[in-house]
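# take this sequence and fold it.
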Amino acid sequence: MSISVRHVTKQYGAQKALDDVSFEIGGSQVVGFLGPNGAGKSTMMKILTCFLPPTSGNASVCGFDIREASMDVRRNVGYLPEHNPLYTDMYVREYLEFTAGMYGLANKAARVKEMIGTVGLEREQHKKIGALSKGYRQRVGLAQAMIHDPKVLILDEPTSGLDPNQLEEIRGLIRQLGEERTVMLSTHIMQEVEAICSRVIIINQGRIVADDHAGHIRGLGGGRQAILVEFDGRVRSDELQALPGVVGVERGEGNTWTLTYDAEHDIRPVLFQFAVDKGVKVLTQQRVERDLESVFKELTGK
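Numbering: from 1, shown residues only. From the prediction side, this is the model:
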């Protein structure tokens, strides 16, 4: 098992950042670790990388206990924190050689060259880190996290500050890395999770509220579904909102509406009767595939 977390709680005074959290991640996969700000994501990642001890409970990485074998954990983990700490007065190649030296790599020069090519820093390798854009600094951070060829990568907001072209390149790199090792990443970009993550763990107020395959997560969130309906005449938002089972109304173009409703209600006959009562016709009805963002909002109460 690459990562095993068992009943971990972390308290800061009276506040619980993590509350009895348990999960396991095994094999080669990319796992999205999601949650609103302050949910406990970064705290969990810092515990797994031995930067913070848990208040209670325990965890292991690649079979090594975070309390008893922290140096072995660090040898097997690559970590990119949310606020990427870099020595801005050092040159890119110099910094990566320094990092490789700390891990005691025998093939230091060859590994640095490989990492520079992997993350696309060839043109920037002779610049000072302080002169780089935020996007290229993120690439340097990714390179240092991977330079010792860890079995587990923990990435906190790895695509922050990247432009659309860079985003696609780094996402492709993360997907590739997930074929060979375990990658655990946090992000606020739901499209990114759907694009690269095979599994999603959602945490809210220090507790796990969902843990499943990315495709299955869309079916969660209070048993709600959505339907796209088009009328041939005008109707009012408040009238649709008052229909039995409807919990959300969003207007589209013309007389098109998206209704979110409790799955226990069959909204279709209700809509047809509504149209008859209002003297309009239903032109189309189409079930809408719920996206991860809407489920995330429901599960985290936002």
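# just for this protein, where's the confidence low?
Under the criterion pLDDT under 70, the flagged ranges of the chain are 215-223, 289-290, 302.
# domains in it, by residue range?
When the chain is parsed with automatic domain parsing, its domains come out as 3-217, 224-299.
# would you tell me which one of the ones you listed is buried the most?
Neighbour counts (mean count of other Cβ atoms under 10 Å) averaged over each of those peak at domain 3-217, with a mean of 18. In this view, the C-beta of every residue, glycine as well, is placed from N, C-alpha and C.
# my guess is residue 128 meets residue 87, correct?
No: between residue 128 and residue 87 there is no contact under Cβ atoms under 8 Å: 9.5 Å.
# tell me the SS of residue 68?
coil (DSSP: H, G, I helix; E, B strand; the rest coil).
# what sits against residue 126?
Applying Cβ atoms under 8 Å, 6 or more residues apart in numbering to residue 126 gives the contacts 91, 92, 93.
# surely it is in a helix?
No: counting by three-state DSSP, residue 126 is not found in a helix; it is coil.
# okay but residue 267 is in contact with residue 248, surely?
No: counting by Cβ under 8 Å, residue 267 stays clear of residue 248, with 11.9 Å between them.
# identify the contacts common to the two.
Common neighbours of residue 267 and residue 248 (criterion: Cβ under 8 Å, 6+ apart): 259, 261.
# JSON lines for the contacts of residue 126, including distance to residue 11?
Listed next are these as JSON lines, based on distance: Cβ to Cβ, whole Å:
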{"residue": "91", "distance to residue 11": "42"}
{"residue": "92", "distance to residue 11": "40"}
{"residue": "93", "distance to residue 11": "43"}
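# could you list which of the residues you listed belong to helices?
Among these, DSSP state H puts 92, 93 in helices.
# out of the contacts of residue 126, the closest to residue 278 would be?
residue 92 (64.9 Å; Cβ to Cβ).
# any idea how far the nearest residue in space to the closest one that is not next to it in sequence lies from residue 194?
In space, residue 92 comes closest to residue 125 once its chain neighbours are excluded; the distance is 4.7 Å by Cβ to Cβ, 6 or more residues apart in numbering. Residue 125 sits 33 Å away from residue 194, going by Cβ to Cβ, to the nearest Å.
# hang on, residue 280 packs against residue 231?
Yes: the pair residue 280 / residue 231 is scored as a contact, 4.6 Å apart, by Cβ under 8 Å.
# list the neighbouring strands of the helix or strand where residue 225 lies plus their orientation.
In this structure, residue 225 sits in strand 224-231 according to DSSP states H and E. As defined by DSSP bridges, the strand partners of strand 224-231 come to strand 256-262 (antiparallel), strand 282-288 (antiparallel).
# quick check: next helix or strand after the last one?
Stepping forward along the backbone from strand 282-288, the first helix or strand reached (DSSP H and E) is helix 292-299.
# again with the first one
Next along the chain after strand 256-262, taking DSSP H and E as the criterion, comes helix 267-278.
# mind listing what the closest residue to residue 47 other than its chain neighbours touches?
Spatially, and ignoring its direct neighbours in sequence, residue 47 is nearest to residue 54 (5.4 Å; Cβ to Cβ, 6+ apart). Shown in contact with residue 54 (Cβ under 8 Å, 6+ apart): 8, 9, 10, 18, 47, 66.
# mind listing which of those are in helices?
Residues of these located in helices (DSSP H): residue 47.
# ok so, going back, state the distance from the residue nearest to residue 92 to residue 143.
Counting by Cβ to Cβ, the gap from residue 125 to residue 143 is 10 Å.
# joint contacts of these two?
Common neighbours of residue 125 and residue 143 (Cβ under 8 Å, 6+ apart) are residue 116.
# which stretches in the chain count as strands?
For the chain, the strands defined by DSSP state E cover 3-12, 15-25, 29-34, 56-61, 64-65, 77-80, 152-156, 182-186, 199-204, 207-213, 224-231, 246-251, 256-262, 282-288.
# surely residue 61 meets residue 73?
Yes: with contact defined as Cβ under 8 Å, residue 61 reaches residue 73; the gap is 4.7 Å.
# overlap in contacts of these two?
Common contacts of residue 61 and residue 73 (Cβ under 8 Å, 6+ apart): residue 48.
# residue 299 contacts residue 208, correct?
No: counting by Cβ under 8 Å, residue 208 is not a contact partner of residue 299; they are 10.4 Å apart.
# which neighbours do these two share?
residue 202.
# ok, and the closest non-adjacent residue to residue 100?
Leaving out its chain neighbours, the residue that sits closest to residue 100 by Cβ to Cβ, 6+ apart is residue 108, at 4.3 Å.
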